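Chemist: I'd like to go over a predicted model; first the sequence, then the structure.
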Amino acid sequence: MPEQTWAYNQQLAIHFPSEDILLVTASPVIKAVTNFKQVSKILEEFDVEEQPDTMLESRFPNIKVVRSGVKQLKSKEHCILTEDGSQYVYKKLCLCAGAKPKLICEGNPHVLGIRDTDSAQEFQKKLTRARRIMIIGNGGIALELVYEIEGCEVIWAIKDKAIGNTFFDAGAAEFLTAKLIAEKPEAKIAHKRTKYTTEGRKKEAGTKDNTGNTGSALGPDWHEGLNLKGTKQFSHKIHIETMCEVKKIYLQEEFRISKKKSLTFPRDHHNPSVTTDEEVWPVYVELTNGKMYGCDFIVSATGVTPNIEPFLCGNNFALGEDGGLKVDEHMHTSLSDIYAAGDICTASWQQSRVWQQMRLWTQARQMGWYAAKCMAAAILGDSVDMDFSFELFAHVTKFFNYKVVLLGKYNAQGLGSDHELMLRCTKGQEYVKVVMQNGRMMGAVLIGETDLEETFENLILNQMDLSSYGEDLLDPNIDIEDYFD
């Protein structure tokens, strides 16, 4: 059950204590938001704890959890049919089904997609027997995996020139790559936001659902508590293949018949080996750059697609270009009395110049909370203003043991060539980039403990003309907060 569902149900239960609220979910657990902290006007931190769905019912007596997947939505009749054969009529409906992973190959036992807690545990189990794995993809899960895995050779194939293309420019990628290929002697910074209580959860939550539905989506720090260690006695070994994708996957026997040759793991990051690998592997991957590697298994981390299929049959939803359900400024879909929030939806309102939709856990929580607010207002006949969280894109996370803050148009998205960048970098400590346009700050990337996030957030929101400050904006010897108190 995605994070937006918790925020959504909590809001509705508070607004309508005498109304029946149904939560239909195929997952036996919910993601509960705890220890919420408003870091600034928009930046927020919180823990996400997996808890049995019975907890929600005990806390809010008017919430009933239906443990089943959705078989069909009948929008004209205002009802849903569930896979256990039941039918439920609704006044208002909010779809919070999240997204599902895009696997590079369906049905291959050696290809694993990591999307929910069960698949994360399956990955950990496979890794304990692995000598080498291959990771395909360049998003958040791939970034976390390549740094956290120890005792196993990792070949990382990305279609971009630099790592973390979704989040970083080439400069930030270079800053992080130095950390990636080095040893990991330091202790991890304390994680904030996500705690998963996986042990015993199936026993607490009852019999596991076997319908094959998408499970509860992972949040940040999902790897905390998992032992991500392979069979080898070393910290980590990473080799990155850039500007390539998967051309073909061979099972062991298919590879033998093909008479092709695979390569050994490159020992020198700057001087890749071209030695033929004599070891026999369960699966082989041929890349579009002509290279072939054998491995124990493949992790497909190539992103997600909105999980809309259960709701399409017989319903004429308007869809976004990314495949999500289009929602307006009140999170309402194109069909009467049906709302959507989180990864399943596509924001189709006139957006702020410094906000963009990204399928991240922070936006899922914000959308769920706001969707419930909009539904409550519609029922009561009240008006509701667009939530302030949609004024500025703001996300805080952690990569490679660095705190990472992304603000506004942090990669100059949609600004064209009419912008300039200002940089400050201290190797191994911090990376600061701001995106300026016509003297105004439009976005920022902050890596490390910079303590600049609140000040920069205000400067982006206020759109103050900063032309006169020039390079002083990023001068480490000047306390920039003094300028704008």
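Modeler: In hand now; what should we look at? Residues are numbered from 1 along each chain as shown.
Chemist: got the confidence number for the residue lying closest to Lys409 once chain neighbours are set aside?
Modeler: Once flanking residues are discounted, Lys409 sits nearest to Gly443: 3.8 Å by CB to CB, 6 or more residues apart in numbering. Yep, even glycine has a C-beta here, placed from its N, CA and C like the rest. Predicted confidence (pLDDT) for Gly443: 96.
Chemist: element containing Gly443?
Modeler: Per DSSP states H and E, Gly443 falls inside strand 440-447.
Chemist: which neighbours in the sheet does that strand have, and how are they oriented?
Modeler: Looking at strand 440-447 with DSSP bridges, its partner strands are strand 402-408 (antiparallel), strand 430-437 (antiparallel).
Chemist: can you give the contact residues for the longest one?
Modeler: By CB atoms under 8 Å, 6 or more residues apart in numbering, the list of residues contacting strand 430-437 from outside reads 169, 171-172, 175, 408-412, 415, 418-425, 441-450, 452, 456, 466, 473-474.
Chemist: take the residues you listed and keep only those in strands.
Modeler: The strands, defined by DSSP state E, take in 408, 420-425, 441-447 from the contacts of strand 430-437.
Chemist: output these as a markdown table; include the columns distance to Ile478 and neighbour count.
Modeler: Below are the ones in strands among the contacts of strand 430-437 laid out as a markdown table (distance: CB to CB, whole Å; neighbours: other CB atoms under 10 Å):
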| residue | distance to Ile478 | neighbour count |
| --- | --- | --- |
| Gly408 | 22 | 28 |
| Glu420 | 20 | 12 |
| Leu421 | 19 | 13 |
| Met422 | 14 | 16 |
| Leu423 | 16 | 13 |
| Arg424 | 11 | 17 |
| Cys425 | 17 | 17 |
| Met441 | 16 | 27 |
| Met442 | 21 | 23 |
| Gly443 | 21 | 26 |
| Ala444 | 17 | 26 |
| Val445 | 20 | 26 |
| Leu446 | 17 | 25 |
| Ile447 | 20 | 24 |
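Chemist: mind saving the C-alpha coords of stretch 240-250 as CSV?
Modeler: Coordinates of the C-alpha atoms in stretch 240-250 are reproduced here as CSV (Å, rounded to 0.1, in the frame of the first residue of the first chain):
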residue,chain,number,x,y,z
ILE,A,240,30.0,1.2,-14.9
GLU,A,241,29.1,0.7,-18.5
THR,A,242,27.7,4.0,-19.8
MET,A,243,25.7,4.9,-22.9
CYS,A,244,24.3,1.4,-23.4
GLU,A,245,21.3,-0.8,-22.9
VAL,A,246,20.5,-4.5,-22.8
LYS,A,247,20.5,-6.0,-26.3
LYS,A,248,19.9,-9.6,-25.4
ILE,A,249,19.8,-11.9,-22.4
TYR,A,250,21.1,-15.5,-22.7
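Chemist: I'd say Lys442 and Gln356 touch.
Modeler: Lys isn't right for residue 442; it's Met. No - contact criterion CB atoms under 8 Å: Met442 and Gln356 do not qualify, at 11.6 Å.
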